[in-house]
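K.L.:
Make a model of this:
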Amino acid sequence: MHVDRLQQIETGSLAPNRWLFCPPGAIRVVNWNVNRGLKLPGIVDFLAATNADLILLQEVDLNARRTHGLNIARELARRLKMNYVFAREFQELTQGSQASPAFHGQATLSRWPLSNSRIIRFQRQSHFWDPHWFLPEIEPFQERLGGRLALVSQMQVAEQTLVSYNLHLESRSNDDLRCSQLRETLDDVARYRFDFPIVLAGDLNLEVPRTAASGLFAAAQFRDAFQNDHSPTTPPHSVFQRPRVIDWIFTRGPIHATNPTVHSSVSASDHYPLSVLFTLP
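P.N.:
Predicted coordinates for the structure are as follows:
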């Protein structure tokens, strides 16, 4: 029963119809770990102000007590008038009930039609979140069913198709496991021609230049949209912790990135949102 629930992809078409005979000159992409959607008004305000065409979100709640039982992906799409796809990463055992389960996962929102969405459920997982008989089902233990994933979608802008990979790599493990999950994603990307426009973004939970991930991206011909000139994407959580660069946007194919920005003044999550303007052929 739990497996079936976690295989579901929810979709919604809430954007007004747009008739285009050629793609726009540029599209704006936002990537953001929204920390469940706990500060929903601030999240909505920022995303509305960016006027983004494609939004990739991680840690999005569905029916969780901490976010008042809301379907955060659908609520954002409704308020922003966008289409959306939501993939269930984990069932949150301490946030729902047997009759009314709670989930969190990844959401991709678009002003343009989304299609052919699918999940890559990573083969290697940390199992840190697995329930144990000796742990009570209370919030501090965050017991979950499921596993980290990549959400793949196609966005159709007039005659131009753009593929997006929305990733959330494991936080409770080491870089070797995270690079293994990234490798599974890049193996999937190999199905597309090198001249096909692809955006890969998300919370990677690693600092790419310091790990084997840098070589994996280079071998797959991906480019860092920020050209390795990053500000921290998370604030320090204590005086003993340094801010980190763990949220990323990469591209492959005929895409040119301009105006890359880490919005470090936004406090609606424990991660900062990233935005980039892309020009397409």
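
K.L.:
now the helices for the stretch 151-281 of the chain?
P.N.:
Along the stretch 151-281 of the chain, the stretches classed as helices by DSSP state H, counting those that start in this stretch are 175-189, 213-219.

K.L.:
Figure out the helix or strand that residue 12 lives in.
P.N.:
Of the helices and strands defined by DSSP states H and E, residue 12 is found in strand 9-13.

K.L.:
Give me the packing partners of that strand, helices and strands only.
P.N.:
Counting contacts by 3 or more C-beta pairs under 8 Å, 6 or more residues apart in numbering; DSSP states H and E, the secondary-structure elements packed against strand 9-13 are helix 72-80, strand 83-92, strand 114-121. Quick note: C-beta positions are derived from backbone N, CA and C, even for glycine.

K.L.:
residues of it that come out buried?
P.N.:
Within strand 9-13, the residues that count as buried by 16 or more other C-beta atoms under 10 Å are 10, 11, 12.

K.L.:
Below-threshold pLDDT in the stretch 101-250 of the chain: ranges please.
P.N.:
Flagging of the stretch 101-250 of the chain using pLDDT under 70 yields the residue ranges 129, 131-142, 238-240.

K.L.:
Kindly check the end-to-end length of stretch 208-226 for me.
P.N.:
Across its full length, stretch 208-226 reaches 12 Å between end residues, using C-alpha to C-alpha, to the nearest Å.

K.L.:
Kindly report the same for stretch 98-109.
P.N.:
Across stretch 98-109, the terminal residues are separated by 29 Å (C-alpha to C-alpha).

K.L.:
and it, how far from the chain's centre?
P.N.:
Between the mean C-alpha point of stretch 98-109 and the mean C-alpha point of its chain there is a distance of 14 Å (C-alpha atoms, centre = their mean, to the nearest Å).

K.L.:
in it, what counts as buried?
P.N.:
Buried residues in stretch 98-109, counting neighbours by 16+ other C-beta under 10 Å, are found at 101, 102, 103, 104, 105, 106, 107, 108, 109.

K.L.:
Same check on stretch 231-248?
P.N.:
Taking 16+ other C-beta under 10 Å as the criterion, stretch 231-248 shows 232, 233, 234, 244, 245, 246, 247, 248 as buried.

K.L.:
Format those as a markdown table; extra columns: distance to residue 96.
P.N.:
Listed next are the buried residues of stretch 231-248 as a markdown table, based on distance: C-beta to C-beta, whole Å:
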| residue | distance to residue 96 |
| --- | --- |
| 232 | 33 |
| 233 | 29 |
| 234 | 27 |
| 244 | 31 |
| 245 | 33 |
| 246 | 28 |
| 247 | 27 |
| 248 | 31 |
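
K.L.:
Just the closest of those residues to residue 43, please.
P.N.:
Looking at the buried residues of stretch 231-248 and their distance to residue 43, the nearest is residue 247, at 14.9 Å (C-beta to C-beta).

K.L.:
measure the nearest residue to residue 89 once chain neighbours are set aside to residue 7 for me?
P.N.:
Distances taken as C-beta to C-beta, 6 or more residues apart in numbering place residue 105 nearest to residue 89, at 3.7 Å, with adjacent residues excluded. Computed as C-beta to C-beta, to the nearest Å, the residue 105 to residue 7 distance reads 12 Å.

K.L.:
Can you pull the residues that touch both of those two?
P.N.:
Where contact means C-beta atoms under 8 Å, 6 or more residues apart in numbering, the residues bridging residue 105 and residue 7 through contact with each are residue 88.

K.L.:
quick revisit: if I've got this straight, the residue nearest to residue 89 is in a strand?
P.N.:
Yes - read with DSSP: H, G, I helix; E, B strand; the rest coil, residue 105 is one of the residues of a strand.

K.L.:
now the strands for the stretch 151-281 of the chain?
P.N.:
In the stretch 151-281 of the chain, the strands defined using DSSP state E, counting those that start in this stretch lie at 160-168, 198-203, 223-224, 247-252, 256-262, 274-279.

K.L.:
of all these, which gets the most neighbours per residue?
P.N.:
A comparison of these by mean neighbour count, using mean count of other C-beta atoms under 10 Å, puts strand 198-203 on top with a mean of 25.

K.L.:
and that one, what does it pack onto?
P.N.:
For strand 198-203, the contact count by 3+ C-beta pairs under 8 Å, 6+ apart identifies strand 26-36, strand 54-62, strand 160-168, helix 175-189, strand 247-252 as packing neighbours.
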